[in-house]
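Student: Show me the folded form of this:
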Amino acid sequence: MSAADIHPSALLDCLRLTLTGAPPLCNGILKLSSGDLELYYGKESPRFINFAHAAQHQDTLDELERACDPAAFGRDQETVLR
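Tutor: Numbers count the residues shown, from 1 in each chain. Okay, here's the model as predicted:
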């Protein structure tokens, strides 16, 4: 049986058990089908990217990068970007 044959709620239940079993740290593998690797993003102009095929579509990765704001990680009152 592949991940594509498993109902999404069963996958979510498995993920819930993994995340609540030993917080705050966890590890493991959650099997996903290529259709489950889609990310939808954008406010004014919604887009999506399927990470299963992202390596062949550099332009799509570039669009995602432009749509994102850098995440700020602070130290005291100073913002440090990496």
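
Student: Quick check, central residue of this structure?
Tutor: L39 (6.7 Å; Cα atoms, centre = their mean).

Student: ok, now how distant is the nearest residue to that one once chain neighbours are set aside from C68?
Tutor: For L39, ignoring the flanking residues on the chain, the nearest one in space by Cβ to Cβ, 6 or more residues apart in numbering is I49 at 5.3 Å. In short, each C-beta sits where N, CA and C put it, glycine included. From I49 across to C68, the span is 12 Å (Cβ to Cβ, to the nearest Å).

Student: joint contacts of the two?
Tutor: Jointly contacting I49 and C68 under the rule Cβ atoms under 8 Å, 6 or more residues apart in numbering are Y41.

Student: For those two, indicate the residue with more neighbours.
Tutor: I49 (18 against 9; other Cβ atoms under 10 Å).

Student: for that one, what are its contacts?
Tutor: Contacts for I49 (Cβ under 8 Å, 6+ apart) come out as 38-39, 41, 57, 60-61, 63-64.

Student: 7 Å instead, please
Tutor: For I49, the contact set (Cβ atoms under 7 Å, 6 or more residues apart in numbering) comprises 39, 60, 64.

Student: Please narrow the residues you listed to those residing in helices.
Tutor: Those of the contacts of I49 mapping onto helices are 60, 64, per DSSP state H.

Student: Other residues contacting stretch 53-66?
Tutor: The list of residues contacting stretch 53-66 from outside it, by Cβ under 7 Å, 6+ apart, reads 41, 47, 49.

Student: and that stretch, C-alpha only, in CSV?
Tutor: What follows is stretch 53-66, C-alpha atoms only, in CSV (Å, rounded to 0.1, in the frame of the first residue of the first chain):
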residue,chain,number,x,y,z
HIS,A,53,9.2,18.5,-9.4
ALA,A,54,10.8,21.8,-8.2
ALA,A,55,14.3,20.9,-9.4
GLN,A,56,13.1,21.0,-13.0
HIS,A,57,11.4,24.3,-12.6
GLN,A,58,14.0,26.9,-11.3
ASP,A,59,11.7,29.7,-12.4
THR,A,60,9.0,28.5,-10.0
LEU,A,61,11.5,28.3,-7.1
ASP,A,62,12.6,31.9,-8.0
GLU,A,63,9.0,33.1,-7.8
LEU,A,64,8.6,31.5,-4.4
GLU,A,65,11.8,33.2,-3.2
ARG,A,66,10.6,36.6,-4.4
